[in-house]
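Novice: Here is a sequence together with a model predicted from it:
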Amino acid sequence: MNVLVTGSSGLIGSEAVEHFDRQGHRVIGVDNLRFLNLGCGERFHPDWVNLDLHLAGPAVRRWDLRDELPFADGFFDVVYHSHVLEHFHRAEGLRLLKQCHRVLRSGGTIRVAVPDLERIARLYLEALEGSLTGDPAWRARYEWMLLEMYDQTVRETSGGEMLAYVRRDPLPEAGFVAARLGGELRRMTAPPASSPARRSFSALPSFVLRQIARLALGRGRLRAYDLGRFRLSGEVHRWMYDRYSLARSLEGVGFAGAEVVGAAESRIPGWAGFHLDTEPDGSVYKPDSLYMEAVKP
Ligand SMILES: C[S@@+](CC[C@H](N)C(=O)[O-])C[C@H]1O[C@@H](n2cnc3c(N)ncnc32)[C@H](O)[C@@H]1O
């Protein structure tokens with residue numbers, strides 16, 4: 001069995017390496033590897049360098065990915081982003097991929113997960129055919145697939161129509177929606193983690209700014225301010241990819257050997273142990289994903 005030991009050169013880590021080694025396991029230590037997770041959200045591993053606009057924990061560093069990455073050329077062995085690229089306009093996305101290429105060493109791996117446009121389109125067409133027969137189950141699937149295609153691109157408030165849909169009780173075609181969303185469905189329907197007092201404290205600077213904007217702009221323009229803030233918050237989708245266009249985009253900025261891989265399958269040493277695209281029980285975190293890896297020649 002392969003065993004991944006993070007911090008393998010430290011006191012506890014080196015003991016763990018010896019222990020598993022004595023038991024005949026193949027031990028992989030990751031101390032010397034430099035891994036970068038861009039737009040990590042709440043999905044990060046503490047041994048990686050994790051960047052996001054919003055800080056979900058102390059192991060995350062705030063960075064706007066529209067800016068040049070703050071690392072030297074060839075610094076990382078692995079660059080990864082999951083459900084991030086589609087949040088950028090196509091040209092911005094290409095700029096981000098170029099940055100990924102720059103900070104990767106030669107021979108390093110890029111791994112990208114995005115919602116799979118091809119699968120969405122195929123399921124939409126299937127649901128369209130089914131719903132034309134009048135079958136209520138197909139109609140519910142059709143409604144869901146329309147949300148997957150459009151809601152995250154056009155929404156003007158957080159969660160959009162998708163959130164309202166998954167909060168329906170009972171949830172129409174619940175098994176289908178759960179199979180599309182995976183663990184995301186649990187997250188979307190879970191009560192907020194932090195207390196109302198804590199949430200309102202962290203929202204204080206935005207609240208103060210909005211009050212200033214309200215006084216300065218008046219009602220009509222305040223709506224434009226609110227809309228702009230939301231649309232720039234990193235939540236909306238601005239482009240979509242399939243296995244053809246993602247491979248072309250990666251190769252277009254200099255990567256080679258772009259190939260579709262499974263959620264648990266990777267060239268990255270110890271991948272499954274990081275629990276980024278899979279859960280500890282082995283299930284897939286975001287089953288609607290297209291996973292692709294490529295190397296920097
Ligand atoms: C759909 S979430 C994906 C989060 C995580 N990677 C996952 O797979 O669950 C998209 C993430 O990209 C981040 N993001 C979007 N635009 C960004 C930007 N310009 N700079 C940094 N992070 C950004 C968002 O804050 C959010 O955490």
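Specialist: Structure's in. What do you need? Numbers count the residues shown, from 1 in each chain.
Novice: quick one: low-confidence ranges for the stretch 101-250 of the chain?
Specialist: Applying pLDDT under 70 to the stretch 101-250 of the chain picks out residues 193-202.
Novice: Mind doing that once more with 50?
Specialist: Low-confidence segments of the stretch 101-250 of the chain (pLDDT under 50): none present.
Novice: Which single residue of it ends up nearest the ligand?
Specialist: Here the stretch 101-250 of the chain gets closest to the ligand at one residue, residue 234, 2.8 Å apart by CB to the nearest ligand atom. Quick note: C-beta positions are derived from backbone N, CA and C, even for glycine.
Novice: Might one say that that residue is in contact with residue 83?
Specialist: No. Judged on CB atoms under 8 Å, residue 234 makes no contact with residue 83 at a distance of 11.1 Å.
Novice: hey, what's in contact with both of the two?
Specialist: Common neighbours of residue 234 and residue 83 (criterion: CB atoms under 8 Å, 6 or more residues apart in numbering): residue 39.
Novice: how far away is the residue of the stretch 101-250 of the chain closest to the ligand from residue 41?
Specialist: The span separating residue 234 from residue 41 equals 9 Å under the rule CB to CB, to the nearest Å.
Novice: Find residues that contact each of these two.
Specialist: Each of residue 54 lies in contact with both residue 234 and residue 41 under the rule CB under 8 Å, 6+ apart.
Novice: In a helix, residue 186, correct?
Specialist: Yes. Counting by DSSP: H, G, I helix; E, B strand; the rest coil, residue 186 falls inside a helix.
Novice: how near is it to residue 279?
Specialist: 10 Å.
Novice: what does residue 34 give?
Specialist: The separation that residue 34 has from residue 279, given CB to CB, amounts to 25 Å.
Novice: same question, residue 53
Specialist: Using CB to CB, we find residue 53 at a distance of 25 Å from residue 279.
Novice: who has more neighbours, these two?
Specialist: More neighbours sit around residue 53 than around the other of residue 53 and residue 279, counting by other CB atoms under 10 Å; the figures are 17 against 12.
Novice: Report pLDDT for the more buried one.
Specialist: Per-residue pLDDT puts residue 53 at 92.
Novice: ok, and the closest non-adjacent residue to it?
Specialist: In space, and not counting its chain neighbours, residue 53 is closest to residue 234: 4.8 Å by CB to CB, 6 or more residues apart in numbering.
Novice: State the three-state secondary structure for residue 78.
Specialist: Using three-state DSSP, the three-state assignment for residue 78 comes out as strand.
Novice: go on, residue 105?
Specialist: Under the three-state scheme (three-state DSSP), the conformation of residue 105 reads as strand.
Novice: just residue 294 next, same as before
Specialist: Relying on three-state DSSP, one would call residue 294 strand.
Novice: For it, name its beta-bridge partners.
Specialist: Beta-bridge pairing for residue 294 (DSSP bridges): residue 110.
Novice: All the strands of the stretch 151-297 of the chain, residue numbers only.
Specialist: According to DSSP state E, counting those that start in this stretch, the stretch 151-297 of the chain carries its strands in the segments 256-261, 289-295.
Novice: ok so, going back, what is the burial count for the residue nearest to residue 53?
Specialist: Burial of residue 234, expressed as a neighbour count using other CB under 10 Å, amounts to 17.
Novice: what does the one 4 residues further on give?
Specialist: Using other CB under 10 Å, residue 238 has 15 neighbouring residues.
Novice: isn't it right up against residue 85?
Specialist: No. Counting by CB under 8 Å, no contact exists between residue 238 and residue 85, whose distance comes to 9.6 Å.
Novice: For residue 144, which non-adjacent residue is spatially closest?
Specialist: On the basis of CB to CB, 6+ apart, the spatially nearest residue to residue 144 that is not a chain neighbour turns out to be residue 177, at 5.7 Å.
Novice: Check the spacing between that neighbour and residue 260 real quick.
Specialist: Distance from residue 177 to residue 260, counting by CB to CB: 24 Å.
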